[in-house]
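Chemist: My questions are about this predicted structure, shown below with the sequence.
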Amino acid sequence: MKLFITGGAGFIGSNHIRLLLASDPDVEIVNFDALTYAGNLENLRDIAEDPRYRFVRGNITNASEVLGSLEEGVDAIVNFAAESHVDRSIESAAEFVLTNVAGTQVLLDAARMRKVPRFVHVSTDEVMGSLDDGGFFTEDSPLAPNSPYAASKAAAEHLVRAAMKTHGLDVVITRCSNNYGPYQFPEKLIPLVIANAMEGKIVPVYGDGLQVRDWIYVDDHCRAVDAVMRKAATGSVYCIGARSERANLEVIRTILDAVGAPHSLITYVSDRPGHDRRYAIDPVRVESEVGWSPQVTFEEGIAKTVAWYRDSAEWIAHARSGEYREFYEKNLAWRETMKS
Ligand code: NAD
Ligand code: DAU
């Protein structure tokens, strides 16, 4: 199977590529990524020389870069590329509209031109807004995004659906809850808390800290995306979650205990504007129709994640300093030398 994976140098994309190479001997992967601040080739160091894998630096908003790398014969595009951090979208939404909306349309057009038989669009539960009055998100929940990030992801979903209805493109959409695990950039809650706790730095809690997220270990999300890619009917939308709701304060205290850091690091700060109160997924449809179910409990996942960050001091230091970007430049220079 030949896959064109976008955003594969980010958190979920890099875990996805590693998982596929380990589980499918016949897979061939092109990882197409612009290497924004969130793209880090150090995430893929261990598999960079695998003959089934190739990295291309390119931007999904640039049609000629996409078409230049997307060969006929690709079996599926898996679109992870996005601006993904809610707080950044509140500061400035323009990049989110460009990449998440315009970039998705460029990919859809390219998929049609190259006759790619399947387009997997990785969306998010945030497109469905906030569950303030109880209940669960299902595939039938209305789209009601509250942040510029969520709105851009919702807009992208509409374009994906329109490409199917108007042009007959074979598309599937996944909407997953909050991921955590190795290689997550330390601006998101869980890696931020782990990294700060290990250094004895304060842990910022937005508002009252009682907002609820539904946590899933990244490999479980990746296995779901893979199963949906291989088995789902055209036009399906699947909500993916691990039935693991936790209030932020509970998550933070669990991590502080796992790291052995004092709860006194918890520091209440101003709330996020438009902060969604609760997300929770009912994953029954993906479980029954696709045959996927999560394998990692929250307790196991947190233990694995804390252990990984403990063993990855250099990765954290590079991510925080921006030094990982030098790895790309050095890597390029090395490849050029090898070629000549
Ligand atoms: P991330 O920010 O860690 O990685 C995004 C990747 O996309 C980076 O490698 C970046 O360089 C690349 N990218 C950004 N703009 C690009 C562009 N214009 N062209 C090419 N590449 C570009 O994000 P993540 O947390 O790994 O999320 C991946 C996808 O999964 C996103 O679409 C996100 O919306 C979705 N998602 C994330 C979560 C979560 O909890 N992190 C949950 C559900 C869905
Ligand atoms: O639900 C899926 C979404 O999960 C993905 O689509 C997004 O890409 C991903 O970033 C994530 O969005 P959240 O906004 O839920 O994740 P974040 O890690 O930024 O925040 C999780 C919760 O923790 C949220 O309620 C805000 C809070 N928070 C976050 C940070 C960074 C804090 O209290 N303090 C912090 O310092």
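Modeler: Structure received. Because the structure is predicted, anything quoted here is derived from the model rather than measured. Ligands and ions are numbered 1, 2, ... in the order given.

Chemist: going forward, measure contacts between C-alpha atoms and count neighbours the same way
Modeler: Noted.

Chemist: for the stretch 201-340 of the chain, what spans make up the helices?
Modeler: For the stretch 201-340 of the chain, applying DSSP state H, counting those that start in this stretch gives helices covering 218-231, 248-259, 284-285, 298-310, 313-321, 324-339.

Chemist: among those, which is the most enclosed?
Modeler: Comparing these by mean neighbour count (mean count of other C-alpha atoms under 10 Å), helix 218-231 comes out on top with a mean of 20.

Chemist: Run the angle between that one and helix 298-310 for me.
Modeler: 110 degrees (axes from the mean of the first three to the mean of the last three C-alpha atoms, to 10 degrees).

Chemist: Does anything pack onto helix 218-231? Which helices or strands?
Modeler: helix 11-23, strand 171-176, strand 178-180 (3 or more C-alpha pairs under 8 Å, 6 or more residues apart in numbering; DSSP states H and E).

Chemist: Ok, which of those comes nearest ligand 2?
Modeler: Ligand 2 lies closest to strand 178-180 among the helices and strands packed on helix 218-231, at 4.0 Å (C-alpha to the nearest ligand atom).

Chemist: could you redo the helices of the stretch 201-340 of the chain as TSV and give each row distance to ligand 2?
Modeler: Formatted as TSV, the helices of the stretch 201-340 of the chain follow (distance: least, C-alpha to the nearest ligand atom, whole Å):
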stretch	distance to ligand 2
helix 218-231	11
helix 248-259	6
helix 284-285	18
helix 298-310	14
helix 313-321	14
helix 324-339	20
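
Chemist: picking that back up, export the helices and strands packed on helix 218-231 to CSV and tack on distance to residue 286 and mean pLDDT?
Modeler: Formatted as CSV, the helices and strands packed on helix 218-231 follow (distance: least, C-alpha to C-alpha, whole Å; pLDDT from 0 to 100):
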stretch, distance to residue 286, mean pLDDT
helix 11-23, 18, 98
strand 171-176, 10, 98
strand 178-180, 17, 98
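
Chemist: Can you tell me which of these is most buried?
Modeler: strand 171-176 comes out most buried of the helices and strands packed on helix 218-231 by mean count of other C-alpha under 10 Å, with a mean of 25.

Chemist: For the residue nearest to residue 289 when sequence neighbours are not counted, give me its contacts.
Modeler: With sequence-adjacent residues excluded and distances taken as C-alpha to C-alpha, 6 or more residues apart in numbering, residue 289 is closest to residue 232, at 7.9 Å. Counting by C-alpha atoms under 8 Å, 6 or more residues apart in numbering, residue 232 makes contact with 172, 289, 290.

Chemist: thinking again about what came up before, want to try JSON lines for the helices of the stretch 201-340 of the chain, with mean pLDDT as columns?
Modeler: Output for these, formatted as JSON lines (pLDDT from 0 to 100):
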{"stretch": "helix 218-231", "mean pLDDT": "98"}
{"stretch": "helix 248-259", "mean pLDDT": "98"}
{"stretch": "helix 284-285", "mean pLDDT": "98"}
{"stretch": "helix 298-310", "mean pLDDT": "98"}
{"stretch": "helix 313-321", "mean pLDDT": "94"}
{"stretch": "helix 324-339", "mean pLDDT": "60"}
